[in-house]
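Colleague: kindly generate the corresponding structure for this input.
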Amino acid sequence: MEEKTRDFLAGRIKDLANRAYQNGFATNTVFLSLSEQAHVYQIFASEGVPKNVNEYLGARFLFYGGFDEAERAMIIFLPDYLDEETFLLSEKEEQSTISCIHILPVNNKFADELTHRDYLGALMNMGIERDQIGDILAGEKEAYVFATPEIAAMIEKELIRIKHTSVKCTKVKASECDIRLKFQEVSGSVASERIDAIIAFVYHLSRSEAQKLIESESVFIDGRTAYSGGYDLKPGSRVSVRGHGKFIYDGQTGTTRKGRLFVKVRVFV
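Modeller: Coordinates of the predicted model:
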């Protein structure tokens with residue numbers, strides 16, 4: 001992330017936190033990528049905010065993307081009278097911060113096999129900025145798009161065709177979205193939590209093969225390029241390995257008698 005962009009993001013979250021705390025209403029950022037979210041955590045850490053305390057400049061906050069496990073998320077700053085549970089219950093009913101759009105072909109018989117890239121491309125062609133759209137969950141001949149309420153209204157009204165397929169867009173409750181990212185839980189023992197060791201374990205590679213992937217800049221941790229195999233993964237880290245896939249590292253579950261670590265990961269399938 002460029003320094004100018006980092007400075008803008010730092011100033012923006014300070015402004016939003018202050019407004020929530022002083023004016024008594026919820027505020028939010030645009031949708032942030034994993035790398036932008038990681039940078040926000042760095043900002044909090046640099047200003048002494050403990051990892052287990054979701055409060056910044058007096059305002060409680062949460063990361064929210066419309067559903068659990070969302071990759072792209074907003075930071076929501078809450079006024080003092082509103083807690084996270086109450087906000088989420090209200091949001092699921094009112095969708096005042098994030099809306100969900102269900103996209104279906106008008107005629108299944110003549111529908112193309114659309115991919116995530118097709119849906120995203122159609123939205124970008126409408127002139128919509130990427131930070132106004134959250135995750136796109138694409139299934140078999142349908143998709144759910146999470147977006148700001150204003151953009152969701154635009155999509156519902158104006159998106160009528162993707163490639164050669166006529167589509168109908170309808171605003172629905174996020175709870176109606178029955179497409180979820182699928183993953184397989186994998187557990188086993190590793191010598192350490194180093195990224196090269198974890199990648200070798202997950203994808204059945206040698207440590208040298210894992211190191212070559214890192215050296216070729218094919219490994220990303222929370223959206224940021226990994227340059228060293230010596231980086232220790234933290235629980236909750238999202239790892240993407242070009243040509244292999246993605247997984248979430250859930251952390252240690254114990255140790256063996258010989259001092260190896262039992263770890264658990266969720267591999268997306």
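Colleague: and the end-to-end length of stretch 90-98?
Modeller: Chord length of stretch 90-98, first to last residue, is 11 Å (C-alpha to C-alpha, to the nearest Å).
Colleague: for that stretch, buried residues please.
Modeller: Residues of stretch 90-98 classed as buried under the neighbour-count rule (16 or more other C-beta atoms under 10 Å) are 91, 95, 97-98. Just so you know, the C-beta spots here come from the backbone N, C-alpha and C atoms, and that holds for glycine as well.
Colleague: where does pLDDT dip in the chain?
Modeller: Along the chain, the model assigns pLDDT under 70 to residues 1-4.
Colleague: and the residue most central in space within it, what is it in contact with?
Modeller: Per C-alpha atoms, centre = their mean, the C-alpha nearest to the average position across the chain is that of Glu71, at 1.2 Å. Each residue near Glu71 by C-beta atoms under 8 Å, 6 or more residues apart in numbering is listed here: 34, 65, 135, 238.
Colleague: inside helices: which ones of those residues?
Modeller: Residues of the contacts of Glu71 located in helices (DSSP state H): Leu34.
Colleague: nearest to Gly11 among the contacts of Glu71?
Modeller: Leu34 (20.9 Å; C-beta to C-beta).
Colleague: any idea how many residues pack against the closest one?
Modeller: The local packing of Leu34 (other C-beta atoms under 10 Å) involves 18 other residues.
Colleague: test my guess that it contacts Gly236.
Modeller: No: using C-beta atoms under 8 Å, Leu34 is not in contact with Gly236, being 11.1 Å away.
Colleague: columns secondary structure on top of the buried residues of stretch 90-98, output as a markdown table?
Modeller: Converted to a markdown table, those look like this (DSSP: H, G, I helix; E, B strand; the rest coil):
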| residue | secondary structure |
| --- | --- |
| Glu91 | helix |
| Gln95 | coil |
| Thr97 | coil |
| Ile98 | coil |
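Colleague: re the thing from before, ok, and the most crowded of the contacts of Glu71?
Modeller: Highest neighbour count within the contacts of Glu71: Asp135, with 21 neighbours (other C-beta under 10 Å).
Colleague: ok, now which ones touch that residue?
Modeller: Going by C-beta under 8 Å, 6+ apart, Asp135 touches 65-67, 70-72, 146.
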